[in-house]
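A.B. asks: here is my input; please provide its structure:
(chains A and B)
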There are 2 protein chains.
Amino acid sequence: MPASPSLPAGKSPEEILRLRARLLGPSLSVSYRAPLKIVRGEGAYLFDETGRAYLDCVNNVCHVGHSHPRVAAAACRQMATLNTNTRYLHDAIIDYAARLTATLPEPLRVCFFVNSGSEANDLALRLARAHTGGTDMVVLDGAYHGNLSSLIDLSPYKFDGPGGAGAPPHTHVVPMPDPYRGLYRRGDPGAGAKYAAHVGEAVGAVRASGRRLAAFFAEPILSCGGQVVPPEGFFREAYASVRAAGGVCVADEVQVGFGRVGSHFWAFETHGVAPDIVTMGKPIGNGHPLAAVVTTPEVAASFANGMEYFNTFGGNPVSCAVGLAVLEVIEEEGLQANARRVGAHLTARLTDLMARHRLIGDVRGRGLFLGVELVRDRARLEPAAEEAAEVVERAKERGVLLSADGPLHNVLKIKPPLVFSEADADRLAETLDAVLAEVR
Amino acid sequence: MPASPSLPAGKSPEEILRLRARLLGPSLSVSYRAPLKIVRGEGAYLFDETGRAYLDCVNNVCHVGHSHPRVAAAACRQMATLNTNTRYLHDAIIDYAARLTATLPEPLRVCFFVNSGSEANDLALRLARAHTGGTDMVVLDGAYHGNLSSLIDLSPYKFDGPGGAGAPPHTHVVPMPDPYRGLYRRGDPGAGAKYAAHVGEAVGAVRASGRRLAAFFAEPILSCGGQVVPPEGFFREAYASVRAAGGVCVADEVQVGFGRVGSHFWAFETHGVAPDIVTMGKPIGNGHPLAAVVTTPEVAASFANGMEYFNTFGGNPVSCAVGLAVLEVIEEEGLQANARRVGAHLTARLTDLMARHRLIGDVRGRGLFLGVELVRDRARLEPAAEEAAEVVERAKERGVLLSADGPLHNVLKIKPPLVFSEADADRLAETLDAVLAEVR
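C.D. replies: Here you go, the predicted model:
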C-alpha cells in the first residue's frame, strides 16, 4: 500500500455535502451512507482527507492505476506545448489511431475521437443509422449505454427504472442473456442459441411492423446489468440474425475493454465475434475525458454523406497523448496478463467463499470484471439487495471499496484498476469473508 | 510574438494526410487548401513544424491563450494527485461551482458538469423537457447547437445543410434575427419586436397543433449563423412569449461566453435578459474537455424525478481544477476588459477598411467576437463566398488564421484567444487590407 498523503484537508465532508446540495443538481447521488472525501489516489488505492487508505475494487476508469505518473506526465507535456483541434494536422492523433486500431481485428480501422462513452455511443447510433438507413435498435434488457437523451432511449436500465418513461417505439428489448437467473440457464447447452432466438424474433418484428433495423447494441459482458457473461454462442447467432436483417452490430466496450477481461484485449473477442462498430470510453484515458468509436471503412463511408462531423475537443493532442500513454502502460506493465492472473486467483478465492457463505449465489465474470450475486435462497434465487448494500457499507468501513448493482441491486461489482495485485485480491476476499459472516 | 519552437518535426503534413485518410473518418475535414501542421501554441500564436508563427484570430477554445502555463500547471498538479468521479466528495467541484455561479445572476445557481458543449446542450434539452413536460423546441434559423443526434435535430445549420434530413416534427425554426440581411434590418427600430413576433407565432403554432413547448434554444450572438448580433429587444420579447407559453429559455453560451463580448461576462447580459438554463463549453477549460449547464433550483428539482444523472468524467477534480484556473486567469489578467478594449479598437480598424474595400458589406459583433460580411454588391448584398474563402487562404499565407462561415459562407469570423493585443489587431487589420486589395 502506498504511503499516507500529506495534503491540506480542505473543507469537511459535511461542509462539502451542504455546498453540493446548493450548487450541484440533486440528480447526482454520492457513494456510501457516510460519503467519502477522497483527496489522493495511487495505484489501486484511494486516500481520504485523514490519510486513511481504501483499496479500490470498483473504479474501472483509473484503469492503469490512480494518478499514474506516466499518464500524468504525457498530459502535462502536451498541455504545456499545444492543445488544439483536429482541423490542423498533428502526429498524436495518427500515432494514437494507429496504435489503437492495431489492437482490433480488420476491418475495424477507422477512428472517431470523442470525449465520453456517451458521446461514443451516440455517434455509433448515428453511424448505424446512416449506414443502414434504418432507425430501430435491439438492446438487451438491463442495458445501460449512456446519459444522453438518445441513449436513455436505448437503456432499459434507465427507461424502465425510476423516472423512466418506458421504451420508445424504435427500441426493442430482448431478454437479458443471464445464465444464472435468466430464461435459459447454465445447465442448458442450448442457452446461447435460445437467447439469440429472441434477437431473431425482435429483428423479425421490426420488419413485420414496417420499420427498419439499424443496429443491435450490446455490451459483450453486461455491467450495470449485473456483471453478466452471456452464454457461449449467443453473440455469434445474434450477430448473424442482425446482419441477415441488414442491421449492424455495435459492441459497447466502454466498461469492459482494454484488457480487463484478461484473456483478450476486447471482451467481444471472448465470444468469437467481430462487431461493425466498437465504442470505447471510461478506461481509455485513465480518467481523462476521452472516448472513441472505431468502425469499418464501409460504415465510415456511409456516414460521410456531406454532413461534417467535427468534435471540438475530440482527438485533441492532449487527449491523444493520454490515450497513447495508457496503451503503452497496459502493454509495458503487462496489465492484461495481470488481469488474467489476478482475476483467476480472485475468482478462485470468491468461489471458495461460496462454501462458507450461503448468501453467495453466483461468482462470475472474466479477468478483473467480476460479479458476486447475493441471494437469500440458492434454489429460489431470492435477491439479497439489502444484504448487498450492507456488505458494501461494511467493506468500506474495513477500507475496501465495492458497489452493488444489477436490476435487483444484489450483485457486488468487482472491477478494480488493473494494477490490482494478488495481495489486493486476498485482502478483498478476506474482507468479504469477514463481512459476509456479519451480514446474514 | 513568442520565440520559435524547437520541437521534433515528426511526420510530414503529406504523410499525416495519407494516414488520416486511412485511420480517421472521412466526415472530418481539415482547414486550408494546404493544411497546417501545428506543433506548438503560445498566447495568440500557433507554430507549424518549421517554426513559422501564425496569429490565431479564430480559435475561441484556447480562450486565455494557447498552452497557458497556469492552466497546464493546475491540470498537472491535480492529475498527479487524484482524478476520480463525483460520487466521492472533493473540494474542487465545490470551489469551481461557487466561482462559476458567482459570475451569473440569481437564481442561476445549480451546476451540472459535463465534457463538451454538445453534452451540455443535450442535458439542457433533457432539463427543459423534464421541467415543462413538453417536447417541442423553437430554434433560430442557421443555428448550430452540437454534434449529438438530439442536437443535429435542433440545428438548421446541420439538418438543412448537406446530408441533412430537414427539421424533425418537434423543432420549429424562426427567421434568423439578422439586422444586416434578414427580414427586418438595422434602420428599423421595431426589428427586434418583429423578429420576436415570429417566436410568438411559433409558440402559438406548437400549441395549436396539440404539441407542447419545452424550450427556446438560442445563442445570444449567433456563431455558425454568421457572427450575427440580434437587434435590441429581440430576446426580451422572445423570452416573454416563450415563458407565457410555459416554455423555458436556454442561452447557448458555448461560443460566446466567458468575457468574450467585453462589456459583460455572458453574452445574454448584453440583451438584458436572464435565461432559465445556460450552457457552456469551448473556452471553459481552455481546450480541456469540460463543459457545464447551470440552471435554477426549480428546473434542477424537476429533473430529479428519480432518474439518476451521473456523468463518468464530468466534474472530476482535474476538469474542475482546470476550469477554476481559467476563471482565475480571466480575472487576474483582465481578459474581459482586454476583449472590450481590443475589440473596440479592432472594430474601428475593420470599419475603416470599409471605406477602401467595397467587398466589406458589414462589420459587426461585440468585444472579440466579430464578423466581417463580404458582399459583391452593397445594395443587393450578393454574398461573396469565393472571395471570403480566398481571403482566408491568402491571410493564412501571410501568417494570419481566419475562417469563413455563415449560411452563405461569406462571413469572416474573428474570435481569437482573449490575450489578443492591439498590435495583434493592427496586424490582422493590415493583413486584411492587403489581402482585400488582391481579392476583388
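A.B. asks: how about the helices in the stretch 251-400 of chain A?
C.D. replies: Counting by DSSP state H, counting those that start in this stretch, the stretch 251-400 of chain A has these helices, from start to end: A:297-303, A:317-332, A:335-356, A:385-397.
A.B. asks: and the last one, what does it pack onto?
C.D. replies: Just to be clear, that refers to helix A:385-397. For helix A:385-397, the helices and strands in contact under the criterion 3 or more CB pairs under 8 Å, 6 or more residues apart in numbering or on different chains; DSSP states H and E are strand A:369-377, strand A:403-405, strand A:411-414, helix A:422-438. Every residue, glycine included, has its C-beta placed from N, CA and C.
A.B. asks: at 10 Å instead, please
C.D. replies: strand A:53-56, strand A:369-377, strand A:400-401, strand A:403-405, strand A:411-414, helix A:422-438 (3 or more CB pairs under 10 Å, 6 or more residues apart in numbering or on different chains; DSSP states H and E).
A.B. asks: likewise the shortest one?
C.D. replies: Helices and strands touching helix A:297-303, as assessed by 3+ CB pairs under 10 Å, 6+ apart, comprise strand A:110-114, helix A:117-132, strand A:248-252, strand A:291-295.
A.B. asks: and the second one with chain B, contact?
C.D. replies: Yes - judged by CB under 10 Å from any CB of the partner chain, helix A:117-132 comes into contact with chain B through A:117-119, A:122-123, A:125-127, A:129-130.
A.B. asks: what's the separation between the most centrally placed residue in chain A and chain B?
C.D. replies: When chain A is reduced to its mean C-alpha position, the closest residue under CA atoms, centre = their mean turns out to be residue A:255, at 1.5 Å. For residue A:255, the distance to chain B (CB to the nearest CB, to the nearest Å) stands at 10 Å.
A.B. asks: what pLDDT does that residue get?
C.D. replies: In the predicted model, residue A:255 carries a pLDDT score of 97.
A.B. asks: pretty sure it sits against residue A:291.
C.D. replies: No - taking contacts as CB atoms under 10 Å, residue A:255 lies outside contact range of residue A:291: 11.9 Å.
A.B. asks: joint contacts of the two?
C.D. replies: Residues touching both residue A:255 and residue A:291 (CB atoms under 10 Å, 6 or more residues apart in numbering or on different chains): A:117, A:280-282, B:312.
A.B. asks: could you dump the residues you listed into a markdown table and include distance to residue B:339?
C.D. replies: Below are the shared contacts of residue A:255 and residue A:291 laid out as a markdown table (distance: CB to CB, whole Å):
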| residue | distance to residue B:339 |
| --- | --- |
| A:117 | 36 |
| A:280 | 38 |
| A:281 | 36 |
| A:282 | 37 |
| B:312 | 34 |
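A.B. asks: from these, which ones fall inside strands?
C.D. replies: If you go by DSSP state E, these have residue A:280 in strands.
A.B. asks: quick check: the farthest pair among the shared contacts of residue A:255 and residue A:291?
C.D. replies: A:280 and B:312 (12.5 Å; CB to CB).
A.B. asks: which of those two has more neighbours?
C.D. replies: Taking other CB atoms under 10 Å in any protein chain shown, residue A:280 and residue B:312 do not tie; residue A:280 has more neighbours (28 against 23).
A.B. asks: verify the stated contact: that one with residue A:294.
C.D. replies: Yes - the pair residue A:280 / residue A:294 is scored as a contact, 7.3 Å apart, by CB under 10 Å.
A.B. asks: so for the two, which residues contact both of them?
C.D. replies: With CB under 10 Å, 6+ apart applied, the overlap between the contact sets of residue A:280 and residue A:294 consists of A:100, A:104, A:111, A:113, A:120, A:251, A:253.
A.B. asks: if we can go back for a sec, common neighbours of residue A:280 and residue B:312, please.
C.D. replies: Common neighbours of residue A:280 and residue B:312 (criterion: CB under 10 Å, 6+ apart): A:117, A:254-255, A:291.
A.B. asks: any idea how many residues pack against residue A:166?
C.D. replies: By other CB under 10 Å, the burial measure for residue A:166, its neighbour count, is 9.
A.B. asks: residue contacts, the residue lying closest to it once chain neighbours are set aside?
C.D. replies: On the basis of CB to CB, 6 or more residues apart in numbering or on different chains, the spatially nearest residue to residue A:166 that is not a chain neighbour turns out to be residue A:159, at 5.8 Å. If you count contacts by CB under 10 Å, 6+ apart, residue A:159 has them with A:139, A:152-153, A:165-168, A:171, A:173, B:307.
A.B. asks: number of nearby residues for residue A:253?
C.D. replies: 30.
A.B. asks: typo on my end, residue A:394
C.D. replies: Count around residue A:394 with other CB under 10 Å applied: 18.
A.B. asks: still on that earlier bit, now the contacts of residue A:159 in a markdown table, with distance to residue B:27?
C.D. replies: As requested, those are exported to a markdown table (distance: CB to CB, whole Å):
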| residue | distance to residue B:27 |
| --- | --- |
| A:139 | 25 |
| A:152 | 25 |
| A:153 | 23 |
| A:165 | 32 |
| A:166 | 33 |
| A:167 | 30 |
| A:168 | 26 |
| A:171 | 25 |
| A:173 | 31 |
| B:307 | 32 |
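A.B. asks: skip the chain neighbours and tell me the closest residue to residue A:104.
C.D. replies: In this structure, residue A:104 finds its nearest non-sequential neighbour in residue A:294, 6.0 Å apart by CB to CB, 6+ apart.
A.B. asks: for the one you found, which residues are in contact?
C.D. replies: Residue A:294 sits next to A:97, A:100-101, A:103-104, A:108-113, A:120, A:124, A:251, A:253, A:275, A:277-280, A:300, B:23, B:25 when contact means CB under 10 Å, 6+ apart.
A.B. asks: turn the helices and strands packed on helix A:297-303 into JSON lines, columns for mean pLDDT and distance to residue A:75.
C.D. replies: Formatted as JSON lines, these follow (pLDDT from 0 to 100; distance: least, CB to CB, whole Å):
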{"stretch": "strand A:110-114", "mean pLDDT": "98", "distance to residue A:75": "15"}
{"stretch": "helix A:117-132", "mean pLDDT": "98", "distance to residue A:75": "19"}
{"stretch": "strand A:248-252", "mean pLDDT": "98", "distance to residue A:75": "26"}
{"stretch": "strand A:291-295", "mean pLDDT": "98", "distance to residue A:75": "16"}
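A.B. asks: flag every residue of the stretch 251-400 of chain A that's near chain B.
C.D. replies: A:254-255, A:281-282, A:285-291, A:293-295, A:297, A:299-301, A:303-319, A:322.
A.B. asks: which of these are buried?
C.D. replies: Among these, the ones that count as buried by 16 or more other CB atoms under 10 Å in any protein chain shown are A:254-255, A:281-282, A:285-291, A:293-295, A:299-301, A:303-304, A:307, A:309, A:311-319, A:322.
A.B. asks: could you check how far residue A:313 is from residue A:286?
C.D. replies: Taking CB to CB, to the nearest Å as the criterion, residue A:313 is separated from residue A:286 by 17 Å.
A.B. asks: looks to me like residue A:211 is in a helix.
C.D. replies: No - according to DSSP: H, G, I helix; E, B strand; the rest coil, the state of residue A:211 is coil, so it is not within a helix.
A.B. asks: right, and it touches residue A:169 too?
C.D. replies: Yes - in terms of CB under 10 Å, residue A:211 counts as a neighbour of residue A:169; the distance is 7.9 Å.
A.B. asks: settle it for me: which of these two has more neighbours?
C.D. replies: Neighbour comparison, residue A:211 and residue A:169: the larger count goes to residue A:211, with 15 against 10 (by other CB under 10 Å).
A.B. asks: OK, contacts around the residue lying closest to the more buried one once chain neighbours are set aside?
C.D. replies: Spatial nearest neighbour of residue A:211, chain neighbours left out: residue A:136 (5.0 Å); criterion: CB to CB, 6+ apart. Contacts for residue A:136 (CB under 10 Å, 6+ apart) come out as A:129, A:168-172, A:202-203, A:205-207, A:209, A:211-215, A:245, A:247.
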